[in-house]
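In: show me how the following folds:
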Amino acid sequence: HPSLDNSLAENWLASIGYGSPGSANLINDCEESPGDINGDGILDVLDVILMISIILVLDDDYTMCQEYASDIDSNGTIDILDVILLVNIILGL
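Out: Sure, this is the predicted structure:
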């Protein structure tokens, strides 16, 4: 989440190797806003298509920031509920 304070230990990611330090949560560096998966500043059908590609693993060449932008409900999972939320936002519902 972009508002995480990486000076707090609970916002760091755990170490994946014995004795190695943890790492800052790089999601703070993401410029994409929720739903704007392609980062063009516009929420549209292109973002929906990219989100569906991420869900179905049709495109495994996405970034951590695109994954963050796809999780619109911030529950840690990208699923059909995120697609529905994005479509509703685009339609103004």
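
In: need the contact partners of stretch 77-93.
Out: 35, 43-45, 47-48, 51-52, 54-55, 67, 70-73 (C-beta atoms under 8 Å, 6 or more residues apart in numbering). (Each C-beta comes from the backbone N, C-alpha and C, glycine too.)

In: return the set of buried residues in that stretch.
Out: Under the neighbour-count criterion of 16 or more other C-beta atoms under 10 Å, stretch 77-93 has Ile78, Asp82, Val83, Leu85, Leu86, Val87 buried.

In: pLDDT on the helix or strand harbouring the last one, on average?
Out: Spelled out, it's Val87. In this structure, Val87 sits in helix 80-91 according to DSSP states H and E. Mean pLDDT, helix 80-91: 96.

In: dump that helix to CSV, restricted to CA.
Out: The C-alpha coordinates for helix 80-91 follow below in CSV (Å, rounded to 0.1, in the frame of the first residue of the first chain):
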residue,chain,number,x,y,z
ILE,A,80,-13.4,-11.7,-10.1
LEU,A,81,-14.5,-9.3,-7.3
ASP,A,82,-11.7,-7.0,-8.3
VAL,A,83,-12.9,-7.2,-12.0
ILE,A,84,-16.4,-6.4,-10.9
LEU,A,85,-15.2,-3.4,-8.8
LEU,A,86,-13.1,-2.1,-11.7
VAL,A,87,-16.0,-2.4,-14.2
ASN,A,88,-18.3,-0.6,-11.8
ILE,A,89,-15.8,2.2,-11.3
ILE,A,90,-15.4,2.5,-15.1
LEU,A,91,-19.2,2.6,-15.5
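
In: fine by me, thanks again.
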